[in-house]
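**Student:** sequence and predicted model, in that order:
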Amino acid sequence: MKKIAVLGYGNIGSGVVEVIRRNQDIIAKRVGEAVEVKYVLDLRDFPGDPMEHKVVHDIGTIVNDPEIEIICETMGGNEPAFTFSKKALEQGKSVCTSNKELVANHGPELLELAAKNHCNYMFEASVGGGIPIIRPMNTALAPEKMEAITGILNGTTNYMLTEMEQKGTAYEDVLRQAQELGYAERNPEADVEGYDAGRKIAILCSLMAGKNVKYEDVYTEGITKLTAADFKYANKLNMSIKLLAMGKLAGADENGEETYVAMVAPCMLAASHPLSTVNEVFNAIFVKGNLLGETMYYGKGAGKLPTASAVVSDVIDCARHKGETMPCLWKNENVKMADMMDTRKRFFFRIKLEDAAKAADLFGSLARVDAGVTGECGYLTEMMTERTFAEKQKEVAMLGRIRVEA
Ligand code: HSE
């Protein structure tokens, strides 16, 4: 019998207990023995809950119990999750986490600690909820030089944008629905401001580069400035608006060292783009390899059982590799970042009708878009650098602007 512990009995932690209970026979076959949750760590008690008698309040009970081999960290946040994870790894207990904040902040350090103690720090559930993406990057894509990642990495905002686009639901209402469905972060600012997607693309870019991409170096813009008018223009252009997370190999510096660039921002996508049909809580991720070309991963990016299933997939892997550290592409060295202002795109912007002549002078070549919004019009620019667009943006009062992905 494999005995495990779950840290944090919230949405995902209770999901881990449920996945292990509901699929116990399948999991036992795949591990070679039954898996049992021996402890649940939480500050609260859960009277009447089937796990009531397994609840403990002291991490020491878990990390000092020689029977416990694997710990699921589903607490979220940096502390005390960081301290508890270190304590577990120091005792040679593998840690399987859904905590993208901790992975983005301290991933390489915890991976090194796991290797030193012949165990594993696993984070499949930290990106894309139930979508297998960490394991494919670490194993199936290992022969490739990964060059670019583009994805929809936040279920809450994708759910919100889909509802706003298809049903015209108001921002506040649709955010509340996403919270009720268990998709949103405790503080939804992390979702709507793009910080959650920023952490996830930092993790994926770190795997792509094999070095640490800090999430502070990811240029991040959320969805809070989008309005109903933006969706009218997108509809007119036969495009959708998605919060995209992107990272790519940008080139090399003067010493030949590779440089990377990463960003999160709302983008207009043509209806023919595969990501434009990724709706509701679903996430999708493209990874481009130099020889393989593009691969795409798709599934539920948030929610209790999909995310918990990803945590349990790591538990099974750890159980199958007792005493052995599985390879991870992400090493504890910092990557060199390029300046995102040098990246090139097309842009959509909206201005008041009285500024139309000025915009035409400023940009030269523009394609006008009329979506029947009183007193204003929209334009699509040609390809230009972020820097050029930002300089022109200072010269004319824009009502809004969105990047356009081909
Ligand atoms: N709040 C996150 C999302 C949860 O909506 O994608 C999964 O990481």
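**Tutor:** On my side now, so go ahead.
**Student:** please work out how many residues are found near I402.
**Tutor:** Summarising burial for I402: neighbours were counted as other C-beta atoms under 10 Å, giving 21. The way it works is simple: take the backbone N, C-alpha and C, and place the C-beta from them, glycine included.
**Student:** so where does it fall, helix or strand?
**Tutor:** strand 398-405 (DSSP states H and E).
**Student:** please apply the same query to N283.
**Tutor:** Going by DSSP H and E, N283 is in strand 282-289.
**Student:** whichever helix or strand comes after that strand vs the ligand: in contact?
**Tutor:** Counting by DSSP H and E, the next helix or strand C-terminal to strand 282-289 is strand 293-300. No - using C-beta under 6 Å from any ligand atom, we find that strand 293-300 stays clear of the ligand, coming within 9.4 Å at best.
**Student:** render the CA-only coordinates of the helix or strand following strand 293-300 in PDB, please.
**Tutor:** Scanning forward in sequence from strand 293-300 by DSSP H and E, the next helix or strand is helix 304-320. What follows is helix 304-320, C-alpha atoms only, in PDB (Å, rounded to 0.1, in the frame of the first residue of the first chain):
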ATOM      1  CA  LYS A 304     -11.400  20.400  -9.600                       C
ATOM      2  CA  LEU A 305     -11.300  17.000 -11.200                       C
ATOM      3  CA  PRO A 306      -9.200  17.800 -14.400                       C
ATOM      4  CA  THR A 307      -6.500  19.500 -12.200                       C
ATOM      5  CA  ALA A 308      -6.600  16.800  -9.500                       C
ATOM      6  CA  SER A 309      -6.300  14.100 -12.200                       C
ATOM      7  CA  ALA A 310      -3.000  15.800 -13.300                       C
ATOM      8  CA  VAL A 311      -1.800  15.800  -9.700                       C
ATOM      9  CA  VAL A 312      -2.600  12.100  -9.400                       C
ATOM     10  CA  SER A 313      -0.800  11.400 -12.700                       C
ATOM     11  CA  ASP A 314       2.400  12.700 -11.000                       C
ATOM     12  CA  VAL A 315       1.700  10.600  -7.900                       C
ATOM     13  CA  ILE A 316       1.500   7.500 -10.100                       C
ATOM     14  CA  ASP A 317       4.800   8.500 -11.800                       C
ATOM     15  CA  CYS A 318       6.500   9.000  -8.500                       C
ATOM     16  CA  ALA A 319       5.200   5.700  -7.200                       C
ATOM     17  CA  ARG A 320       6.600   4.000 -10.300                       C
END
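**Student:** between helix 304-320 and strand 282-289, how big is the angle?
**Tutor:** Using axes from the mean of the first three to the mean of the last three C-alpha atoms, to 10 degrees, one finds that helix 304-320 and strand 282-289 are set 50 degrees apart in direction.
**Student:** in helix 304-320, which residues are buried?
**Tutor:** Buried residues in helix 304-320, counting neighbours by 16 or more other C-beta atoms under 10 Å, are found at 304-319.
**Student:** next: stretch 265-277.
**Tutor:** So for stretch 265-277, counting by 16+ other C-beta under 10 Å, buried means 265-269, 273, 275-276.
**Student:** with secondary structure added, can I get those residues in JSON lines?
**Tutor:** As requested, these are arranged in JSON lines below (DSSP: H, G, I helix; E, B strand; the rest coil):
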{"residue": "A265", "secondary structure": "strand"}
{"residue": "P266", "secondary structure": "strand"}
{"residue": "C267", "secondary structure": "strand"}
{"residue": "M268", "secondary structure": "strand"}
{"residue": "L269", "secondary structure": "strand"}
{"residue": "H273", "secondary structure": "coil"}
{"residue": "L275", "secondary structure": "helix"}
{"residue": "S276", "secondary structure": "helix"}
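**Student:** no further queries at this time; thank you.
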